[in-house]
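> got a predicted structure here, sequence first:
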Protein chains: 2
Amino acid sequence: MNNFVFYSPTEFVFGKDTDIQTGTLAKKYNARKAMIVYGGGSIIRSGLLQRIEDSLQQAGVDYVKLGGVQPNPTDPKVYEGIELARKEGVDFMLPVGGGSVIDTAKAIAAGVPYEGDFWDFYIGKAKVKKALKVGVVLTIPAAGSEGSGNTVITKLEGLQKLSLRVPELLRPVFAVMNPELTYTLPPYQTACGIADMMVHIMERYFTNTPDVEISDRLCEGTLMAIIKEAYKVKQNPNDYEARANIMWCGTIAHNGTCGVGCEEDWASHFLEHEISAVYNVTHGAGLAVIVPAWMTFMAEHNPKKIARFANRVFGVPENEDLEEMALAGISRLKHFFRYMGLPVNFKELGIEHPDIELLVKKLHENKGELVGNYVKLNKEYSKEIFELACK
Amino acid sequence: MNNFVFYSPTEFVFGKDTDIQTGTLAKKYNARKAMIVYGGGSIIRSGLLQRIEDSLQQAGVDYVKLGGVQPNPTDPKVYEGIELARKEGVDFMLPVGGGSVIDTAKAIAAGVPYEGDFWDFYIGKAKVKKALKVGVVLTIPAAGSEGSGNTVITKLEGLQKLSLRVPELLRPVFAVMNPELTYTLPPYQTACGIADMMVHIMERYFTNTPDVEISDRLCEGTLMAIIKEAYKVKQNPNDYEARANIMWCGTIAHNGTCGVGCEEDWASHFLEHEISAVYNVTHGAGLAVIVPAWMTFMAEHNPKKIARFANRVFGVPENEDLEEMALAGISRLKHFFRYMGLPVNFKELGIEHPDIELLVKKLHENKGELVGNYVKLNKEYSKEIFELACK
């Protein structure tokens, strides 16, 4: 087990009707003027936005609103937010939505007190030294951004999709999580969220670090819970218990609970970021395509943890042939993804002829010669995985 | 799943050689003058105390020392600490040890800024409104006090053992956890710690709250990891990986990770507190006696979760007769405890003729008519469980 720091200071307020506590929480964390950041019209139609506004008013917290954040959020909205926040004297970011909305709010939080271009942080040209506080109302369990210090933004010019990690400043101080808010998520979006959180765990689970039994068990247990509850949600989108289990799994998948003491991988995420940057597909759907391909490659090159995943998560019987076990597990994973309505290859993702040369080129330009850790991927290996994702 | 708040803001710094970071961490959390609290001579002999002192000096943090905390810590040491802290102008508590040392430090932390008797907090006569900060160097994985806002102290007069829970003020701001420090723990103490952390999980796992799949999986996974690594530690006390796994399990057993959204039980802890208060046995050993007895009672009265525990944690095959499954699981648990060198009945605990009338009387005096939640225990039930613990 490697040395590690576990630090998850976010206050997670979880359960029915918790969204009406938002104003009180913002006040508790010293918000005077908040910026509510959101996406499309669903939170207006559902009445959630109004409830949040009411609760801020009751708590005596002033606010402005910034709507229109798109999936795979891009830099123009961040610039717009930074300008508005400065003009209005905003001191607290309050994203109401999923990962795209939260990540945009984090980018604004870092950009407001910085004199230069916020994109400097994402390309490593500058370090975040100060940021507005962020508090979250989560409506889409997927990205885990409510409990992480990460943000991913795409620069439209050049379609560069990059992540930034500043836990000590960009991790939300609170996250309000009402599973009832997720009843109305369309099945496809629910499924994409489930794929996203599963892969957050798998990026940590697929490690060569030996003897991390507690980490393995937490990863496996969370994956098993997600899969079981996903079947229930697919049957009945208004199953509170299933929605609640999945929502909490999405958080612990990415707040450090799973994967302590392991060298993490993240190659699948980096491979996918190139797909969603170029083809603007949903991140979770891209992952459902790339991860089985990545695992198939690994079944040949380093099957050990893939075989353990097959056995412990999907009940594939133990067998001396680890590659065979691994392939059986991948087959069950694909079956599960398909049942949830997810694509498992490029064609099903709506990309008949992916430009693999371009994807490989961008990947290694952005991430260097070698990507990932479980097996370090050079250009040839990345290409092979993208090709496996065509099958 | 019930509504819940998950809030674990402690910074856990885990791994080899981490104890030399203690001074820097104390400084980071604004310590000017710390009180190092410790137990017997082992941390002096091992050189740990000297390393902590050196690291405080290097960080420019002044300190005083308070040694001699005993297992099942009592009020006189708390009064001594409060007086010393006031005299010396201490503003930060730095316990170096296990649960007894940490709980004593927390009691002092609450007592210093309070004009009345610190015991007022434990009997509910006053609320903690202010406390010194606490940072921990953990040497015994067991109580989980490094990540909790709880403290348990025994008042010598009347042998009243009571707990206090003030997460917002008494939860440590940091916990330094070097598994190497636990190599020298005697096997019996190691085993008692393992029983303690296992029961912290079981108090949460044995619940009637339905559909808490993620909570169940995290509890079961952590228990399985503890059991596997416990066998390894028993074989080789210097197995770093096994020590590391167990140490982290002890923390997540009690910081809220396990058991989200469940109505918790805690009857076994309350039953045991009376045993260790009257007979001054080690808490973990008392739990190893009382928990199988409590489970045996439950196998008859409410077998559902006991049977699931038997199946998922100890591999007892599924069976329509839940009571039979439960009893098979209890048998395997007892076998495990015995293998670890723990007692599983009063006699093995060294108490030939326990004064059951007294234990029952004190329990319900301290905790009311009904104790626990999984099945609420009246005096008759409590008596039955104490009697089962004689077998």
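Perfect, thanks for sending it. Everything numeric here is computed off the predicted structure, so don't read it as measured data. Numbers count the residues shown, from 1 in each chain, chains lettered A, B, ... in the order given.

> mind checking the longest helix of chain A?
Taking DSSP state H as the criterion, chain A has its longest helix at helix A:213-235.

> angle of that one against helix B:213-235?
160 degrees (axes from the mean of the first three to the mean of the last three C-alpha atoms, to 10 degrees).

> what does the stretch 101-250 of chain A put close to chain B?
Within the stretch 101-250 of chain A, the positions lying close to chain B (C-beta under 8 Å from any C-beta of the partner chain) are A:210-214, A:216-218, A:220-222, A:224-225, A:228-229, A:240-242, A:244-245, A:248-249. Quick note: C-beta positions are derived from backbone N, CA and C, even for glycine.

> ramachandran angles for the closest residue to A:D103 other than its chain neighbours?
Excluding its sequence neighbours, the residue lying closest to A:D103 (C-beta to C-beta, 6 or more residues apart in numbering or on different chains) is A:T151, at 4.1 Å. The phi and psi torsions at A:T151 (degrees, to the nearest 10) take the values phi -150, psi 140.

> right, and A:T151 touches A:S145 too?
Yes. Here A:T151 reaches A:S145: they are 7.0 Å apart, a contact under C-beta atoms under 8 Å.

> what residues are shared contacts of those two?
Common contacts of A:T151 and A:S145, defined by C-beta atoms under 8 Å, 6 or more residues apart in numbering or on different chains, comprise A:102-103, A:106.

> pull out the buried positions in the host helix or strand of A:G284.
Secondary structure from DSSP states H and E places A:G284 in helix A:283-301. Using 16 or more other C-beta atoms under 10 Å in any protein chain shown as the burial criterion, the residues of helix A:283-301 that qualify are A:283-299.

> quick one: mean pLDDT over stretch A:270-279.
Mean per-residue pLDDT for stretch A:270-279: 94.

> again with stretch A:297-306
Stretch A:297-306 comes out at a mean pLDDT of 98.

> cool, stretch A:48-61 as well?
98.

> equivalent analysis for stretch A:161-171, please.
94.

> just want the most central residue of chain A.
A:A143 (2.1 Å; C-alpha atoms, centre = their mean).

> residue contacts, that residue?
A:A143 neighbours (C-beta under 8 Å, 6+ apart): A:98-100, A:102-103, A:193, A:196, A:250, A:254, A:283.

> just these now: which is nearest B:P186?
The nearest member of the contacts of A:A143 to B:P186, counting by C-beta to C-beta, is A:H254 at 39.4 Å.

> my guess is that closest one is in a strand, correct?
No. Going by DSSP: H, G, I helix; E, B strand; the rest coil, the assignment for A:H254 is coil, not a strand.

> next, it: phi, psi?
The phi and psi values for A:H254, taken as degrees, to the nearest 10, are phi -140, psi 10.

> residue contacts, it?
A:143-145, A:147-148, A:150, A:197, A:200.

> ok, of the residues of the stretch 101-250 of chain A next to chain B, which come out buried?
A:211-214, A:216-218, A:220-222, A:224-225, A:229, A:240-242, A:244-245, A:248-249.

> any idea which strand is longest in chain A?
Ordering each strand of chain A by length in residues (DSSP state E) puts strand A:4-14 first.

> you'd agree A:S276 is up against A:K161?
Yes. With contact defined as C-beta under 8 Å, A:S276 reaches A:K161; the gap is 6.6 Å.

> can you show me the strands along chain A?
A:4-14, A:33-37, A:62-66, A:92-97, A:133-138, A:150-155, A:160-165, A:174-177.

> could you dump those strands to a markdown table with mean neighbour count?
Formatted as a markdown table, the strands of chain A follow (neighbours: other C-beta atoms under 10 Å in any protein chain shown):
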| stretch | mean neighbour count |
| --- | --- |
| strand A:4-14 | 21 |
| strand A:33-37 | 24 |
| strand A:62-66 | 18 |
| strand A:92-97 | 28 |
| strand A:133-138 | 28 |
| strand A:150-155 | 22 |
| strand A:160-165 | 18 |
| strand A:174-177 | 27 |
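
> what's the closest of the ones you listed to B:Y188?
Among the strands of chain A, strand A:4-14 comes nearest to B:Y188, with 28.9 Å by C-beta to C-beta.

> and the closest one, what does it pack against?
strand A:174-177, helix A:240-252, strand B:4-14 (3 or more C-beta pairs under 8 Å, 6 or more residues apart in numbering or on different chains; DSSP states H and E).

> repeat that for 10 Å
helix A:22-28, strand A:133-138, helix A:167-170, strand A:174-177, helix A:240-252, strand B:4-14, strand B:174-177, helix B:240-252 (3 or more C-beta pairs under 10 Å, 6 or more residues apart in numbering or on different chains; DSSP states H and E).

> partners of that strand, with directions?
With DSSP bridges as the test, strand A:4-14 is paired with strand A:174-177 (parallel), strand B:4-14 (antiparallel).

> what angle do the longest one and helix B:240-252 make?
Think strand B:4-14. 150 degrees.

> how far off centre is strand B:4-14?
Its chain's C-alpha centre and that of strand B:4-14 lie 16 Å apart, by C-alpha atoms, centre = their mean, to the nearest Å.

> with the first one instead?
Between the mean C-alpha location of strand A:174-177 and the chain-wide mean there is a distance of 16 Å, by C-alpha atoms, centre = their mean.

> ditto for stretch A:254-265
So, by C-alpha atoms, centre = their mean, the centroid of stretch A:254-265 is 14 Å from its chain's centroid.
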